[in-house]
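*Asks:* predicted model and sequence follow; I will ask about them next.
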Amino acid sequence: MTPKEIVDKMYNNDPFSQWLGIRRIEDGKGISILELEVRSEMCNGFGIAHGGIAYSLADSALAFAANSHGQLALSINSTISYLKPAQLGDVLKTAVEEIFRGSKNASYIVRVTNQKGELIAVVNGAVHLSQKLWFDK
């Protein structure tokens, strides 16, 4: 399976990413560029995007990038640093950097920016690489 076919399969079975309104811009080995627009139901009591929105966008990007090689990857750890609040109407975009990929685990940095290119959040994540392959599914 190609990276796009793998991510198609993942996204088509992911109602949460669909509810978020995630648009896939680019799929590739170790790459996932995603976008979403912050809607009113995504905002918290302070009138800014709930932190879970940037985290969820980054988590989806991490999952798509990690699985795109064809080996089933499962998240084992991630941390997020919030650098700037996202506002209603902002368009958030991910950029995934694959830092390390071994035989059993891989590490990623996901940067989330807004439509102005301002850094909103950074997620550091690690995944376990199982022995299962996507083309066997």
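*Replies:* Received, thanks.
*Asks:* residues of stretch 22-38 that come out buried?
*Replies:* 22, 24, 27-28, 30-36, 38 (16 or more other CB atoms under 10 Å). Placement of C-beta: from N, CA and C, glycine included.
*Asks:* ok, which stretches of the chain are helices?
*Replies:* 3-12, 15-20, 51-67 (DSSP state H).
*Asks:* deepest-packed of those, please.
*Replies:* helix 51-67 (a mean of 23; mean count of other CB atoms under 10 Å).
*Asks:* now that one against helix 3-12, angle please.
*Replies:* 140 degrees (axes from the mean of the first three to the mean of the last three CA atoms, to 10 degrees).
*Asks:* for helix 51-67, packing partners?
*Replies:* Packed against helix 51-67 by the contact rule (3 or more CB pairs under 8 Å, 6 or more residues apart in numbering; DSSP states H and E) you find helix 3-12, helix 15-20, strand 31-37, strand 71-82, strand 91-101, strand 105-113, strand 119-133.
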